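Q: pasting the sequence and the predicted model now:
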Amino acid sequence: MRVMAFSTVFPSAATPEHGLFVLERLRHCAAHAQIEVLAPRAFHARPAVPSRESIGGLDVSHPAFWYSPRYGKALDGAMLYLSSLRAARGVMRRFDFDLIDAHFGYPDGFAAVLLGRSLNRPVVITLRGTEPLVAAADRLRRRALAWALRRADRLIAVSHPLAEGARDLMAEYGPMESAPPIEVIANGVDARRFAPGSREQARRDLGLPEGGRLLVSVGHRSPRKGFQRVIRVLPEVLQAAPDLRFAVIGGAGGEPDNGPELRRLADELGMGDRVILAGPLPPGGVAAWLRAADLFVLASDHEGCPNVVWEAQASGLPVVATRVGEIPRMVPEFAGRLIDHAEDSAALAAALIAGLAGPFDVGAIRGWAERHTWDDVATRVVEQWRLAVASAPALGRRATSEGVAA
């Protein structure tokens with residue numbers, strides 16, 4: 001089987017930490033299928049992104065995505081399609097793919113469905129977490145997202161709430177009998193890269209004091225990720241854990257960057273020497289910080305299936321997180337503490353204090369994460385691809401004769 005993956009959220013030589021979760025899934029799916037990636041880049045991207053490159057063993061093309069940065073966001077899906085059509089035809093000429101595998105419902109999924117219609121290829125869309133935000137943004141984008149979901153051949157959701165939300169949205173615009181099937185396939189973890197190790201050695205490697213306790217959070221710096229919520233409760237948590245430091249691993253992403261506000265807030269609260277903004281790091285760097293930590297926190301108000309939770313648990317860390325997205329299914333009672341509402345500062349502080357006090361079974365936490373590997377995810381995703389191709393009559397005969405693996 002030959003697949004063209006399509007996503008605006010994908011790493012490049014200029015932004016190597018962007019969309020690693022998409023890369024990881026595709027990299028493992030490549031054991032079962034031939035894959036090329038079409039990853040449109042913003043036309044104003046700086047630093048410049050090469051038009052073609054190889055990332056993680058995958059051939060990647062980066063056509064320019066032309067759109068209005070501030071206005072007319074309901075046109076982004078159509079603009080992404082028009083910006084990508086020529087490049088997609090080029091991929092098809094040299095790599096006669098059977099399927100388009102799109103990541104995120106809008107604008108990517110919308111554009112992918114249009115590409116599928118132009119190129120006569122089935123489309124699978126993976127819902128990854130921003131779809132509810134798009135649906136709530138305005139009526140036109142909500143309708144465009146629903147249009148794309150209803151016209152995909154199959155849908156994959158990385159969390160159960162995303163799948164339920166997609167069903168509800170599609171039901172607003174037509175009978176569910178004609179809607180595509182949805183399969184929930186959560187993200188996975190590379191348990192070889194993310195594993196427990198010597199905390200002292202990790203801290204020495206990072207230039208940190210070997211003593212004291214370390215709280216770590218990972219993600220793009222944006223208000224949604226809740227780093228500011230953790231900083232606000234640090235004075236209370238320090239009363240129970242006076243040797244605590246808090247490290248934020250991550251840089252600017254596609255959402256507004258609140259890095260300057262985080263630093264200002266820490267200074268205003270007298271926490272400037274306790275808060276470390278480590279910036280964006282490659283996976284190996286993230287793994288080092290997790291090995292150095294005592295506790296992981298993710299105080300988000302919205303998530304799909306955050307890989308960092310699996311990565312923290314694979315590193316043997318207990319997790320404090322908000323009960324959003326797939327997180328309640330990712331963090332069993334023995335692996336940490338969950339809070340119901342992101343803005344509940346008292347609950348967050350109490351959960352952090354309890355998490356730092358422990359005790360937790362590192363082996364049990366690690367074993368739980370090891371059950372959710374990218375290899376298993378890839379097997380399930382490729383089965384959805386196979387079903388989508390089989391439902392397209394002309395392609396189904398070819399895929400059946402060739403088998404799933406090329």
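A: Yep, that arrived.

Q: stretch 89-105 spans what distance, first to last residue?
A: Stretch 89-105 has its terminal residues 21 Å apart, counting by C-alpha to C-alpha, to the nearest Å.

Q: what's the answer for stretch 357-377, then?
A: The distance separating the two terminal residues of stretch 357-377, taken as C-alpha to C-alpha, comes to 34 Å.

Q: which residues touch that stretch?
A: For stretch 357-377, contacts defined as C-beta atoms under 8 Å, 6 or more residues apart in numbering pick out 24-25, 27-28, 31, 185-191, 194-196, 240, 310-311, 313-318, 332, 334-336. Backbone N, C-alpha and C define where each C-beta goes, glycine included.

Q: may I see the buried residues of it?
A: Of the residues in stretch 357-377, those buried under the neighbour-count criterion (16 or more other C-beta atoms under 10 Å) are 360, 365, 366, 368, 369, 372, 373, 374, 377.

Q: make a PyMOL selection of the buried ones in the contacts of stretch 357-377.
A: To isolate the buried members of the contacts of stretch 357-377 in PyMOL, using 16+ other C-beta under 10 Å:
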select buried, resi 24+25+27+28+185+186+187+188+189+190+191+194+195+196+310+311+313+314+315+316+317+318+335+336
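
Q: among the contacts of stretch 357-377, name the ones in helices.
A: Those of those mapping onto helices are 24, 25, 27, 28, 240, 310, 311, 313, 314, per DSSP state H.

Q: for these, which one is nearest residue 90?
A: residue 27 (22.7 Å; C-beta to C-beta).

Q: quick revisit: with distance to residue 13 added, can I get the ones in helices among the contacts of stretch 357-377 in a markdown table?
A: Compiled in a markdown table, the ones in helices among the contacts of stretch 357-377 are given as follows (distance: C-beta to C-beta, whole Å):
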| residue | distance to residue 13 |
| --- | --- |
| 24 | 18 |
| 25 | 20 |
| 27 | 16 |
| 28 | 22 |
| 240 | 45 |
| 310 | 26 |
| 311 | 23 |
| 313 | 31 |
| 314 | 27 |
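
Q: ok, residue 29 touching residue 381?
A: Yes - in this structure, residue 29 is within contact of residue 381 by C-beta atoms under 8 Å, at 5.7 Å.

Q: any stretches of the stretch 251-400 of the chain with poor pLDDT?
A: Within the stretch 251-400 of the chain, the ranges that satisfy pLDDT under 70 run 393-400.

Q: residue boundaries of the helices in it?
A: Ranges of helices within the stretch 251-400 of the chain are 259-268, 283-292, 307-314, 327-330, 345-357, 362-370, 374-390, 393-402, based on DSSP state H, counting those that start in this stretch.

Q: and if you look at the stretch 51-200 of the chain?
A: In the stretch 51-200 of the chain, the segments counted as helices under DSSP H, counting those that start in this stretch are 76-94, 110-119, 131-137, 139-151, 160-171, 199-206.

Q: comparing those helices, which stretch has the densest surroundings?
A: With neighbours taken as mean count of other C-beta atoms under 10 Å, those reach their highest mean count in helix 110-119, at a mean of 23.

Q: tell me what that one is packed against?
A: If contacts are counted by 3 or more C-beta pairs under 8 Å, 6 or more residues apart in numbering; DSSP states H and E, helix 110-119 sits against strand 2-6, helix 76-94, strand 99-103, strand 123-127, helix 139-151.

Q: of those, give the one that comes closest to residue 204.
A: Proximity of the helices and strands packed on helix 110-119 to residue 204 was assessed by C-beta to C-beta; the nearest stretch is strand 99-103, lying at 38.1 Å.

Q: so that closest one versus strand 123-127, what angle?
A: Angle of strand 99-103 versus strand 123-127, following axes from the mean of the first three to the mean of the last three C-alpha atoms, to 10 degrees, is 20 degrees.

Q: partner strands of strand 99-103 and their direction?
A: Sheet pairing here is set by DSSP bridges, and for strand 99-103 it gives strand 2-6 (parallel), strand 123-127 (parallel).

Q: any chance of the ones you listed in a markdown table, plus distance to residue 271 and mean neighbour count?
A: Converted to a markdown table, the strands paired with strand 99-103 look like this (distance: least, C-beta to C-beta, whole Å; neighbours: other C-beta atoms under 10 Å):
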| stretch | distance to residue 271 | mean neighbour count |
| --- | --- | --- |
| strand 2-6 | 42 | 26 |
| strand 123-127 | 37 | 29 |
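
Q: turn those strands into a markdown table, including distance to residue 328 and mean pLDDT.
A: Rendered in a markdown table, the data for those read as follows (distance: least, C-beta to C-beta, whole Å; pLDDT from 0 to 100):
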| stretch | distance to residue 328 | mean pLDDT |
| --- | --- | --- |
| strand 2-6 | 29 | 98 |
| strand 123-127 | 18 | 98 |
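
Q: quick check: residue 208 vs residue 169, distance?
A: Between residue 208 and residue 169 the distance, using C-beta to C-beta, to the nearest Å, works out to 45 Å.
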